[in-house]
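Colleague: Sequence first, then the predicted structure:
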Amino acid sequence: MNSPLESKRGHSLYSGTLAEVELALATAPGREQFVEQLKAAYQARHDGELPEPQEISSWEGTLPRLVDALRDLPAAAKAMSVLLEFALPDDELGRRVDVLLVGRDAGGQERVLVIELKGWAAVLPPLTPEQQRLRTVFIHGQERKHPVPQVLEYQYDLQYHNSAVLERRAAVSCAAYLPNLPGSLLDVGGRSLESVFYSGQKQAQAFARFVQEQVGHGAATQLTGQLDHSAVVWQAGSAQAVSDAVTLALRGDRPYELTPQQREVARRIWQSVTDHSRGRQLILVPGDPGTGKTAVALQLLLSASDNFTQRSKMGEPDQGQYVKLVIPGAFLSATIRAAVPFEHGPHTALLNRLLGYPGGMREGTIPLVLCDEAHRIANGKLRQVVNSGRTVVLFYDEYQVIDPNEGQDLLNLLEQVRQGASNYEGIPVTVIDGLPQQMRCRSPSYVAWARALIRNEPVSTAVKDYELNFFDDPADLEQHVQQRGGRLLAGFCWPWSRVPEVREVVIGSWQRPWNPAPRPVGQPQDHAQVRWMKGEDFREHIGCIYTAQGVEFEHAGVIWGNDVVWRTDHWEVRVAENRFGAFQRVAGRLKDPRTSPQQRQQLEQSALRCLLNIYYVLLTRGKQSTSLHFTDQETARHVRACWEAAQF
């Protein structure tokens, strides 16, 4: 029998025949040894990290049930190959397929059968049409992705982008198998799932017949070996498919029409992209909230797709993946992904590859990498993004760095550029500004005032065409904002249990719940941000920075907590008052006696900058007015004095 450790250099934790797996799992000691080998292979691949308990549970319980279902297949069928925990090549999302079965059908065609295994024994409560539309199910009170869309995504990725499958012209099919679940899950999106979904003991025989039909007529040893060391490819014609997919997902009724200033910025960037004499380059595009950074990035994505489509039509060969859109923020990425139904196989697979972090690619292999919200790139990831493209464009707003775990590499780069640096690790750097003044808040002078406030700088111009109100009582603040149809926002200074009706924002006798928790999957309108913004059921819910970033209201209310306070002549950080995990970890390090004075100063400065940026974002969500309540009175007096100083 093959040891899982022998496959650790490939994409799977284990590769062997069905007969070998049967033999390994035939006895209790054999099953225990097999699971231990899988755990060892997992640790070898993940630098000693242990697999999650649910994965071990699947290997111990669900995998043997799969093998038992196939036990009565004829001996010839058991020559099919079994690949366990197959990591999709170069996948920055870290997706892994539970089981690949590789063999031939009755006509001798090489085939790959993708299997999603679930050990679920119950789906509670019963599925509803709402859950069908969202492609989710509830398991023990937790919302999970429906296994059929999940396994279809894996099938599409292998079918359209796997080098071994394309080179050998193999066919790819899929199935979800839930041996412990009686009955069946409801349909998803109106599509019949009978051919890909099997559950319970009653469907075990039907599942076995499907497996035999697909891959049970002979071994495909060469395909198996190539799969385990395969790569991502973009086959001929993918340029047209990318253009179609991007258009379908983004263009719609053409919501991203650019202003003249935005078009000029896009033109200058595109000119740099198409000037191949420049070699590798890094382009920095700063912009305030609402200046159109996302719109320009999406237009460039479409331009790249259209450009390469035309080259493809003229007979030029595709040269692999040629454009990548990196979106660290979850909401915009979810919006784009959800715009394409999962049944659109080529488009779904392409969008999964177009969006996210470039992963596992050689330096400079993608001609164009666009990164929107670059201020949200996780610390340590900037180099990965920059090194993946020949031309990399970063769209950013340094005043929206709101997490100590994000944006610090970008801030360091910007500081170096300000001091005269002209390259980043040997790559020439160009700054292209010119985006218009922010288009959300209707008073640029108010935005300048808010920025001066958090910078602790004097106000140089009067604020015009904006209303700022102060309330001592949060109930009065709420009534005022709701009468105007606005929403309340707050610093993250209260606990959040993710239970919608728990009133955790407590100020004296006034209590309100936080905004609804995010759903794992679904349409854009089901994202927590949109549900809170537009749902009448959430009018009294308080939004936090993570739902407020990127949106705006005509009128907004802000509760300023105790995590940043004004003392005498400066801002002070009270990082322990903020309940977000990243700041709690900073607070823990500040208490640690092993933290040096220099480290302590750096931690406090980083946390202070992030928390002030959070309140800057919250202060600029209202287009016409913002109303404020402070839990710290000295801070309230200071902000009111700064506002009065700007009324001249």
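Modeller: Perfect, I can see it now. Computed from a predicted structure; not experimentally measured.
Colleague: buried stuff in stretch 552-561?
Modeller: 552, 553, 555, 556, 557, 558, 559, 560, 561 (16 or more other C-beta atoms under 10 Å). All C-beta atoms are positioned from the backbone trio N, CA, C, and that covers glycine.
Colleague: Stretch 591-606 now?
Modeller: Neighbour-count burial for stretch 591-606 [16+ other C-beta under 10 Å]: 603, 606.
Colleague: cool, stretch 638-648 as well?
Modeller: So, applying 16+ other C-beta under 10 Å, buried residues of stretch 638-648: 638, 639, 642, 643, 646.
Colleague: now the helices for the stretch 151-300 of the chain?
Modeller: 163-167, 204-215, 221-227, 238-246, 260-274, 293-313 (DSSP state H, counting those that start in this stretch).
Colleague: Now tell me what touches the second one from outside.
Modeller: Residues lying outside helix 204-215 but in contact with it, judged by C-beta atoms under 8 Å, 6 or more residues apart in numbering, are 68-70, 72-74, 77, 80, 101-106, 111-113, 173, 175, 177, 179, 195, 198.
Colleague: Quick check: residue 390 is in a helix.
Modeller: No. Using DSSP: H, G, I helix; E, B strand; the rest coil, the assignment for residue 390 is strand, not a helix.
Colleague: Apart from its chain neighbours, what residue comes closest to it?
Modeller: Setting aside the residues directly before and after it, residue 390 is nearest to residue 364 in space (C-beta to C-beta, 6 or more residues apart in numbering), at 4.7 Å.
Colleague: quick one: which of the buried residues of stretch 638-648 is nearest residue 227?
Modeller: Nearest to residue 227 among these: residue 639, at 61.0 Å, using C-beta to C-beta.
Colleague: could you list every residue that touches the closest one?
Modeller: Contacts of residue 639 (C-beta under 8 Å, 6+ apart): 453, 470, 560, 566, 628, 630.
Colleague: Include pLDDT, secondary structure and distance to residue 544 when you put those residues into a markdown table, please.
Modeller: Formatted as a markdown table, the contacts of residue 639 follow (pLDDT from 0 to 100; DSSP: H, G, I helix; E, B strand; the rest coil; distance: C-beta to C-beta, whole Å):
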| residue | pLDDT | secondary structure | distance to residue 544 |
| --- | --- | --- | --- |
| 453 | 96 | helix | 20 |
| 470 | 98 | strand | 21 |
| 560 | 98 | strand | 13 |
| 566 | 98 | strand | 22 |
| 628 | 98 | strand | 16 |
| 630 | 98 | strand | 17 |
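Colleague: Same list (these) but as JSON lines, adding distance to residue 545.
Modeller: As requested, these are exported to JSON lines (distance: C-beta to C-beta, whole Å):
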{"residue": "453", "distance to residue 545": "17"}
{"residue": "470", "distance to residue 545": "21"}
{"residue": "560", "distance to residue 545": "12"}
{"residue": "566", "distance to residue 545": "20"}
{"residue": "628", "distance to residue 545": "16"}
{"residue": "630", "distance to residue 545": "17"}
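Colleague: Just say which of the helices of the stretch 151-300 of the chain is most tucked in.
Modeller: Greatest average neighbour count among the helices of the stretch 151-300 of the chain goes to helix 238-246 (a mean of 22), per mean count of other C-beta atoms under 10 Å.
Colleague: Please point out which parts of stretch 16-24 sit buried.
Modeller: By 16+ other C-beta under 10 Å, the buried positions in stretch 16-24 come out as 16, 17, 18, 19, 20, 21, 22, 24.
Colleague: And the residue nearest to residue 390, how far from residue 328?
Modeller: Residue 364 is 21 Å from residue 328, where distance means C-beta to C-beta, to the nearest Å.
Colleague: cool, and residue 621?
Modeller: In terms of C-beta to C-beta, residue 621 sits 20 Å off from residue 328.
Colleague: Look at those two and report which has more neighbours.
Modeller: When residue 621 and residue 328 are compared for neighbours, residue 621 comes out ahead with 25 against 20, by other C-beta atoms under 10 Å.
Colleague: what residue ranges in the stretch 401-550 of the chain score low on pLDDT?
Modeller: 437-440, 498-500, 517-531, 533-537, 550 (pLDDT under 70).
Colleague: for the closest residue to residue 648 other than its chain neighbours, helix, strand, or coil?
Modeller: Setting aside the residues directly before and after it, residue 648 is nearest to residue 462 in space (C-beta to C-beta, 6+ apart), at 5.0 Å. Three-state call for residue 462 (three-state DSSP): coil.
Colleague: Can you name the residues that contact residue 462?
Modeller: 445, 646, 647, 648.
Colleague: can we see that at 10 Å?
Modeller: Residue 462 makes contact with 445, 449, 645, 646, 647, 648, according to C-beta atoms under 10 Å, 6 or more residues apart in numbering.
Colleague: Same check on residue 507?
Modeller: Per C-beta under 10 Å, 6+ apart, neighbours of residue 507: 473, 474, 475, 477, 490, 493, 494, 559, 561, 629, 631.
Colleague: any idea how far residue 147 lies from residue 172?
Modeller: 17 Å.
Colleague: what separates stretch 216-223 from the chain centre, distance-wise?
Modeller: Here stretch 216-223 is found 36 Å from its chain centre; the criterion is C-alpha atoms, centre = their mean, to the nearest Å.
Colleague: could you say what helices and strands the host helix or strand of residue 410 packs with?
Modeller: For residue 410, the enclosing helix or strand under DSSP states H and E is helix 408-418. When contacts are defined as 3 or more C-beta pairs under 10 Å, 6 or more residues apart in numbering; DSSP states H and E, helix 408-418 sits against strand 281-286, helix 382-387, strand 389-396, strand 423-424, strand 427-431, helix 597-619.
Colleague: do that again at 8 Å, thanks
Modeller: Contact here means 3 or more C-beta pairs under 8 Å, 6 or more residues apart in numbering; DSSP states H and E; on that basis helix 408-418 packs against strand 281-286, helix 382-387, strand 427-431.
Colleague: Going by neighbour count, which residues in the second one are buried?
Modeller: Meaning helix 382-387. For helix 382-387, by 16+ other C-beta under 10 Å, it's 382, 384, 385, 386, 387.
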